[in-house]
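Novice: here's my sequence, what's the structure:
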Amino acid sequence: MAEHDNEELARRFYEEFWRRGISDGDWVVARFTMRGTHRGDFYGIAATNRTVEAGGIDLLRFSDGLIAEWIYCEDTLGVFAQLGALPAVLSGVAGPDHAG
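Specialist: Here you go, the predicted structure:
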C-alpha cells in the first residue's frame with residue numbers, strides 16, 4: 001500500500017472516529033470494531049485466512065488543540081482465540097461473542 005493510501009485510510013478512520021466519539025472536557029472516547037482476514041504472520045502465527053474481529057476503545061486527552069495523552073485498548077486475546085491460538089479453556093471467554 002502506498003504512503004498516500006495509508007494517509008487516506010487514516011483520514012477516513014479518524015473522520016468516522018470523531019463522528020461516533022463522545023467527549024467530556026479535554027477527553028474524547030470512542031469504541032471501534034476492526035475486521036479483517038488473517039493473511040500473514042501475526043505474533044508468530046502463520047496465516048490462517050480466517051476472518052477475525054476485534055473491538056476496542058480509544059481515549060484521548062487534548063491540551064492546546066493537540067493530543068496530550070492517548071490510551072488504546074483492543075481485544076487482542078479475542079483475536080488469538082479466533083485464530084485458534086489459545087488453550088481451549090481460554091477460548092470460551094474471549095473474542096467478539098463475549099464483548100460486553
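
Novice: and the contacts of the longest strand along the chain?
Specialist: Among all segments of the chain classified by DSSP state E, the strand with the greatest residue count is strand 51-63. For strand 51-63, contacts defined as C-beta atoms under 8 Å, 6 or more residues apart in numbering pick out 17, 21, 26-38, 67-76, 78-79, 82-83, 95-96, 99. No exception for glycine: its C-beta is placed from N, CA and C like everyone else's.

Novice: quick one: mean pLDDT for it?
Specialist: If you average the pLDDT over strand 51-63, you get 90.

Novice: partner strands of it, parallel or antiparallel?
Specialist: Looking at strand 51-63 with DSSP bridges, its paired strands and their directions are strand 27-37 (antiparallel), strand 66-74 (antiparallel).

Novice: looking at those strands, which one is packed in the most?
Specialist: Mean neighbour counts were compared across those using mean count of other C-beta atoms under 10 Å; the top stretch is strand 27-37, at a mean of 13.

Novice: what mean pLDDT does that strand have?
Specialist: Computed over strand 27-37, the average pLDDT equals 88.

Novice: hang on, Leu77 in a helix?
Specialist: Yes: note on Leu77: a helix contains this position according to DSSP: H, G, I helix; E, B strand; the rest coil.

Novice: ok, back up a step: next, the buried residues of the longest strand of the chain.
Specialist: When neighbours are counted by 16 or more other C-beta atoms under 10 Å, the buried residues of strand 51-63 are found to be Val52, Glu53, Ala54, Gly55, Gly56, Asp58, Leu60.
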